[in-house]
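[1] Need a 3D model of the following:
(chains A and B)
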Amino acid sequence: MADAVTDPTEIAEIRKSRFRILVCVDGSEESYRGLRYAARLGAGEDADIILLYVRPTDQGLRTGGLQVRVARENMLNWGLELPGITYLKKGRDMLIETEEQAALWDQQSAHTDVDGDPLGDNKIEYRNESGKSIVLKLKTASSVAGGILDQYDLGPYNLIILGSTEGQGSFVKSFWDPAVAEKVAVHAPCSVCISRDLETGHGKLLCTDGSERALDMVAKASDLAKRDGSKVSVMSVAIDDESQSDAQSSVDQATALLQSRGIIPSDAFIKTGNPVEEIIKAGADYSFIVLGDTGKTGLKRFFMGSVAFKVMEYARNSVMVIR
Amino acid sequence: MNFPRATVTEIHDKLEGTPLGSLFDLFSDFSIHYVWEKRWFFIALAVGAAMVLGPLPEGLTEEGMIVLAMSVMATIMFITAPIPLPGVALLIVLGQIFLLGIDSSTVAKTLWNDSVLFILGSLMLAVAVVKQKLDRRIAWLIVRITGTKTTRVCFGISAVSGLLASFIGEHTVAAMMLPVGITLVTLTSDDPRKVRSLAAVLLFSIAYGASVAGIGTPSGGARNAIMIGYWREFFYDPSNPETFKYIIDYVRWMTFAYPMFLIQLPFVTLILFFTFKPEYRDLSRAVVKLRHQVESEGAMNRADWVSVFLFFLVLLGWIFVSDDVGMGTIAVLGATAFLVAGLVKWEDINSGVNWGVVLLYGAAISLGIEMKDTGAAKWVAESFLSMLAPLGADEGFGLWAAVSVLTTAVTNTMSNGAAVAVLGPVVLNMADVAGESPVIIGFITAVSSAFAYLTVVGTPACTIVYASGYLKTTDFLAVGWKMALTSTVIMLLSAWLYWPLLGV
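    Numbers count the residues shown, from 1 in each chain, chains lettered A, B, ... in the order given. Now for the predicted structure:
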């Protein structure tokens, strides 16, 4: 592309002004459901959608010392596509079909060599006249979660969407091999949306505790709601009967904030009990449960003491953690 | 991740605001992720320290305890891989020098023997063979014999994969035949959803065909070479003609194990068709297109013939002269011949072989020999046997089954060569103590280590076909347990009925 901007700081500056969504695709139905939502969220001209497939690097020991690349090179010799490419292409077809005719998109590809892999990192960027871009990225990394987080460092994103991995929740399992989604949600510096049986159209449930961060979350969530045009409800949980009035005032505060931003919440209520259980129960009727990150850093976030992470771990539907 | 949360955050809250608090935050932010990422490394170290510092059990020397602790630590790290696995190998070397006080040259000597040379040579040979691009011709040969019916094509693929893998190793064959399987799938239909079961059947035919064959000959896999090395190391005494039967040569191994592979072969196809029920009963569309692809390549050229010739030369070398010069020598000779003939580039070999694995096997075998020398293996064997005694599994058929189950369990969690290297000294000592034939127990261990059908990482062939992206991890579970069950039954039957006829 002739007018491509090459200066890294300039690129970063341009990227800051755009709404960038990173969608992690692994070929599963769930990840495509997340992508469909991303397409809706990123329909505006100022949004970019980046599709990412992370392939773990080869592990020679597992294959008795013969590198998997020998097999992969052999596949390439036969003219066969490596896994991941097909998944990304399917994702692209979904996006471009839902937006405009493919002819309007300008195509550009880039390649970075990665040691120990015949393909390395590959990127195809589609850009239309108004500067909106869709990027397909095939990345190689030692672990899937690590690859997704590395990708964040390459360009800031506003939101990471990924499908949940099956069978998480138990302590033993997470100690053994923390699920990818969980790991990304803990470490990512931006908002993370974990799609789980995602069915759009049921609106979002914002959970507030009246704190500044929660209000910040409500503000950001209202921006998202403007983008995807979904309904918004507000809830707060009181731990016991005495704190019900606090919870009610939190809800009122959030409602007022939403109204000031031009969004009328379709519902606002409080519940009493264990926050995690109540949120999961009430959230089941909505497309998303939206939570603010509790703002704990380092150690605290690492041990995931917050309600947000517990909800993320145990909820049955999609969860969005806003940062 | 529930347990330390309360206390850690409590400390954090108490220190909040003080200089100590910010130091604590700095430390925690910086190191906690590191410690968490490497938690298994530290757990292994703690277990090792506890074993060495704890009271010494009766019948175990101090050196024995150190070696045993090293083995346990190495096993934990093999399974969980908190640090790169060749790093574990280096730790084993360092442990022998620092903890046991063995001279570094002596340790270095135990790292190399014919088994390790064989692993090195056969990996180089594997890359050389895959690079010859004979796969299309092999594929064409298969479909010409079998016709176009899916069942027959699949049986043909597993049979040919198996026959090749029994000599040159399953990883070679899986890497070579993988494109054949995928091509047949993609030529049948472009839509992956329409051919999911067909893809599973074709790819598993390659992987399991190669896996069941890996036991067939000593050169079929690293584990076989390792077991042969252990027999020689543990039981062979040049001054005692009685012990000459512990030298298992190439042909003798084949008489033990090859029939098992041939019996298992039809079961592979049966089980796969029973489990997956492919969408297409006939592959004629794909076969016709495959023929066009092969015809466009033209006739076999001189280089193709030379590589086929060299390949057979290596096979003959293994069968007829490997007992005099060593299997490793033949493997290295074969790899060198391919290089001299200019059929493979060193760069390809260099990037295709994971050299760390050679180091890893060397270190594992070296540790295994140390286990035997310090008496640790014998102690573990005795403890195991006394544990098995109440179950009636401390001798005969019960012991065989116990060894087989133990090996299958271990091999599903780590590479099968490593499993044999770790378990070998213990089970051979168990045989010795229980008065069973070490040859039968050794065979059971080496053969059972091929039964890692359940997981993607279990056998090299499974990992390679999984890398194609056409299979799901759950597919392995769905079909793997049937395979493991069939293989175990066939093996125990041969141990019971067939091997005694061979005079062990």
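[2] how close does B:Ser71 get to A:Val25?
    To A:Val25, B:Ser71 is 42 Å away according to C-beta to C-beta, to the nearest Å. Heads up, the C-betas are built off the backbone N, CA and C, glycines and all.
[3] Is it correct that B:Met430 is in contact with B:Ile441?
    Yes - using C-beta atoms under 8 Å, B:Met430 makes contact with B:Ile441 at a distance of 6.8 Å.
[4] Overlap of the contact sets of these two?
    Common neighbours of B:Met430 and B:Ile441 (criterion: C-beta atoms under 8 Å, 6 or more residues apart in numbering or on different chains): B:399, B:403.
[5] the more surrounded of the two?
    More neighbours surround B:Met430 than the other of B:Met430 and B:Ile441, with 28 against 23 (other C-beta atoms under 10 Å in any protein chain shown).
[6] Skipping adjacent residues, who's closest to that one in space?
    Once flanking residues are discounted, B:Met430 sits nearest to B:Ala381: 4.1 Å by C-beta to C-beta, 6 or more residues apart in numbering or on different chains.
[7] Hmm, the one you found is touching B:Val433, no?
    Yes - when contacts are counted by C-beta under 8 Å, B:Ala381 is listed as touching B:Val433 (5.4 Å).
[8] what's near enough to touch B:Pro86?
    Each residue near B:Pro86 by C-beta under 8 Å, 6+ apart is listed here: B:356-357, B:359-360.
[9] ok, now A:Asn122?
    A:109-112, A:137-138 are the contacts of A:Asn122 under C-beta under 8 Å, 6+ apart.
[10] what does B:Lys133 give?
    Taking C-beta under 8 Å, 6+ apart as the contact definition, B:Lys133 lies against A:74, A:77.
[11] change it to 7 Å
    Residues near B:Lys133 by C-beta atoms under 7 Å, 6 or more residues apart in numbering or on different chains: A:Asn77.
[12] Could you confirm it falls within a helix?
    No - applying DSSP: H, G, I helix; E, B strand; the rest coil, one finds B:Lys133 to be coil, outside a helix.
[13] show me the residues around B:Ser189 that make contact.
    B:Ser189 makes contacts with B:Val195, as judged by C-beta under 7 Å, 6+ apart.
[14] Quick check: phi and psi on it?
    With angles defined as degrees, to the nearest 10, B:Ser189 sits at phi -160, psi 140.
[15] That one and B:Thr75: what is the separation?
    With distances taken as C-beta to C-beta, B:Ser189 is found 45 Å from B:Thr75.
[16] Same check on B:Phe320?
    B:Phe320 sits 38 Å away from B:Thr75, taking C-beta to C-beta as the criterion.
[17] So for these two, which residue has more residues nearby?
    B:Thr75 (20 against 12).
[18] immediately after the helix or strand bottoming out on mean pLDDT in chain A, which helix or strand?
    The helix or strand of chain A with the poorest confidence is helix A:171-176; it has a mean of 39 (mean pLDDT, DSSP states H and E). Per DSSP states H and E, the first helix or strand lying C-terminal to helix A:171-176 is helix A:180-187.
[19] Which strands or helices does that following helix pack on?
    Packed against helix A:180-187 by the contact rule (3 or more C-beta pairs under 7 Å, 6 or more residues apart in numbering or on different chains; DSSP states H and E) you find helix A:144-154, strand A:159-163, strand A:191-195.
[20] Just give me how far the first one sits from the chain centre.
    It refers to helix A:144-154. 12 Å (C-alpha atoms, centre = their mean, to the nearest Å).
[21] More neighbours: B:Ala381 and B:Val433, which one.
    Taking neighbours as other C-beta under 10 Å, B:Ala381 and B:Val433 compare with B:Ala381 leading, 21 against 15.
[22] you'd agree the more buried one is up against B:Val426?
    Yes - proximity of B:Ala381 to B:Val426 meets the contact threshold set by C-beta atoms under 7 Å, at 5.4 Å.
[23] what about burial for the contacts of A:Asn122, which qualify?
    Among these, those scoring as buried are A:137-138 (criterion: 16 or more other C-beta atoms under 10 Å in any protein chain shown).
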